[in-house]
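Asks: Return atomic coordinates for the entry below.
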Amino acid sequence: MHSQTSAAVKEVDGLRDLILENRDATEKNRKIAEPVVEALNERRLGRLVLPAEYSGWGGASPREALEVYETLARAEALVAWIVWVNSLPCWFARFLSADARQEVFGGPAALLASSTRPTGRARVEGDSYVVNGRWSLVSGCMHASWIPVMCLVEKDREVEMLAPDAPHMRMLFVPKEKHEIVDTWHVGGLRGTGSHDCVLTDISVPVGLSFAMGDPSLLDSPTGRVPIFAAIVSGCASICLGITATSLQAVLDLADKIVVDGGPGLRDRAPIQLLIAKIRSFRDRLHSTCDRLWETAESGKERDPAEIGAVLATGITTAQECRAAVSELYAAAGTSALYTDSPLERAHRDIHAVTQHIALQPFWMEQAGRVQLGMKPTHPLFMI
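Replies: This is a model prediction of the structure:
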């Protein structure tokens with residue numbers, strides 16, 4: 001494993017006690033407790049994929065980032081979620097000029113947030129866009145330094161069309177202080193992520209702080225060539241793996257203390273053994289498909305749709321299997337899993353929240369299937 005990311009995993013292991021100590025405050029306030037936020041920033045864990053000159057870890061590979069997300073999720077899924085969602089604006093750094101990249105990512109590490117929902121409008125005025133809109137589910141917005149958001153670009157008060165069925169959409173990097181945050185995050189799963197709504201009203205954003213998804217990468221490095229959406233899907237699946245590992249350990253710990261029936265212990269039961277083998281198999285497959293993505297990025301070769309499709313299919317299937325496994329383990333634990341001090345209660349609601357994310361929806365499997373049949377993907381994000 002990359003030596004720097006090995007250090008990152010060790011940093012994550014060292015955070016476990018701090019995360020657990022602040023769990024009640026995080027839950028109560030529906031956002032990560034400040035001591036944990038400070039620790040994440042000090043350790044630069046929100047910038048794993050960025051070069052060192054942008055307070056990053058030197059450009060971790062997707063496989064290496066997966067190790068961090070999974071390890072964090074074993075302690076607390078919502079903290080892993082915040083670190084994972086930070087990877088998206090970091091991947092987007094490739095589309096910015098060196099000056100704009102320095103403006104957003106220069107200086108000490110700080111968490112970010114973002115939304116790719118095209119629920120805003122932007123119109124050109126001189127060298128800037130004037131932005132209006134409201135974006136929901138903006139995880140980590142309370143702690144972010146910048147919040148890039150997706151907008152439809154208007155021309156003559158109508159959405160500008162670049163081609164039939166292809167509206168002009170741009171991501172615009174906006175400082176957090178320009179956003180109005182609306183308290184909307186009243187949920188069960190991932191409660192501490194602070195995924196509120198964000199509102200912009202007549203905010204001017206320089207054109208240089210924006211990009212379109214089809215723009216070329218301006219980072220000539222493996223980090224600048226990794227397919228973004230494949231990395232996002234695999235990262236989300238790794239959070240599911242971490243949640244599943246915690247659930248399994250909780251059930252085994254419970255079985256060591258309580259005999260539920262007169263049958264064999266849980267470790268000796270075939271369904272539990274099968275579950276462990278199945279999840280480990282999907283984990284290994286997820287890592288190996290991400291390794292191939294990184295090898296292609298390092299070589300400078302053109303992206304391979306089949307490799308991307310393999311990551312998407314494996315990531316989504318892994319997440320689905322993890323959700324089923326956690327539900328099975330929750331049921332196996334009986335009534336003890338109902339209590340809020342049980343790791344299983346938290347895992348059960350968190351994994352159902354995680355798998356609601358658009359990155360893990362089944363229609364991406366259809367795109368992967370098209371590629372396997374020799375057809376071109378139809379979704380514009382597939383090859384990004």
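
Asks: which residues touch the lowest-mean-pLDDT helix or strand in the chain?
Replies: The helix or strand of the chain with the lowest confidence, counting by mean pLDDT, DSSP states H and E, is helix 3-21 at a mean of 79. With contacts defined as CB atoms under 8 Å, 6 or more residues apart in numbering, helix 3-21 is touched by 1, 35-36, 39-40, 43, 45, 48, 57-58, 60-61, 64-65, 67-68, 71-72, 75-76, 79. Quick note: C-beta positions are derived from backbone N, CA and C, even for glycine.

Asks: Same check on stretch 40-60?
Replies: In this structure, residues lying in contact with stretch 40-60 by CB under 8 Å, 6+ apart are 2, 4-5, 8, 11-12, 15, 32, 64-65, 68, 72, 79, 82-83, 86-87, 90-91, 93, 101-102, 105-112, 219, 221-223, 226, 231.

Asks: before we move on, the earlier item: now the element after the least confident helix or strand of the chain, going C-ward?
Replies: Next helix or strand after helix 3-21 toward the C-terminus (DSSP states H and E): helix 23-29.

Asks: Can you list the buried residues in that next one?
Replies: R23, T26 (16 or more other CB atoms under 10 Å).

Asks: picking that back up, please could you give me each C-alpha atom of the least confident helix or strand of the chain, formatted as CSV?
Replies: Provided in CSV are the C-alpha atoms of helix 3-21 (Å, rounded to 0.1, in the frame of the first residue of the first chain):
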residue,chain,number,x,y,z
SER,A,3,3.1,4.7,2.3
GLN,A,4,1.3,8.0,2.8
THR,A,5,-2.1,6.4,2.7
SER,A,6,-0.9,3.7,5.1
ALA,A,7,-0.3,6.6,7.4
ALA,A,8,-3.8,7.9,6.7
VAL,A,9,-5.3,4.6,7.8
LYS,A,10,-3.3,4.8,11.0
GLU,A,11,-4.6,8.3,11.5
VAL,A,12,-8.1,6.9,11.1
ASP,A,13,-7.5,4.1,13.6
GLY,A,14,-6.3,6.8,16.1
LEU,A,15,-9.5,8.8,15.6
ARG,A,16,-11.8,6.0,16.8
ASP,A,17,-11.8,6.9,20.5
LEU,A,18,-12.4,10.6,19.7
ILE,A,19,-15.3,9.8,17.4
LEU,A,20,-16.9,7.6,20.0
GLU,A,21,-16.4,10.1,22.8
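
Asks: how far does that helix sit from the chain's center?
Replies: The offset between the C-alpha centroid of helix 3-21 and the centroid of the whole chain comes to 18 Å, using CA atoms, centre = their mean, to the nearest Å.

Asks: how about the helices in the protein?
Replies: Defined through DSSP state H, the helices belonging to the chain, from first to last, are 3-21, 23-29, 34-42, 62-75, 77-92, 98-105, 222-225, 228-257, 270-299, 305-332, 343-354, 363-372.

Asks: sorry, back to before: from the contacts of helix 3-21, list the buried ones, please.
Replies: Buried positions within the contacts of helix 3-21, assessed by neighbour count (16+ other CB under 10 Å), are 36, 39-40, 43, 45, 48, 57-58, 60-61, 64-65, 67-68, 71-72, 75-76, 79.

Asks: so how far is the first residue of stretch 89-99 from its last?
Replies: Looking at stretch 89-99, the gap from its leading to its trailing residue is 16 Å under the measure CA to CA, to the nearest Å.

Asks: per-residue confidence averaged over that stretch?
Replies: When pLDDT is averaged over stretch 89-99, the result is 96.

Asks: which of the residues in it are buried?
Replies: Of the residues in stretch 89-99, those with enough neighbours to count as buried (16+ other CB under 10 Å) are P89, C90, W91, F92, A93, R94, F95, L96.

Asks: and which of the residues you listed is nearest K176?
Replies: Distance to K176 across those (CB to CB) is lowest for P89, with 11.7 Å.

Asks: separation between that closest one and W364?
Replies: Noted for P89: a distance of 21 Å to W364, by CB to CB, to the nearest Å.

Asks: any low-confidence regions in the stretch 151-300 of the chain?
Replies: In the prediction, the stretch 151-300 of the chain carries residues with pLDDT under 70 at positions 257-266.
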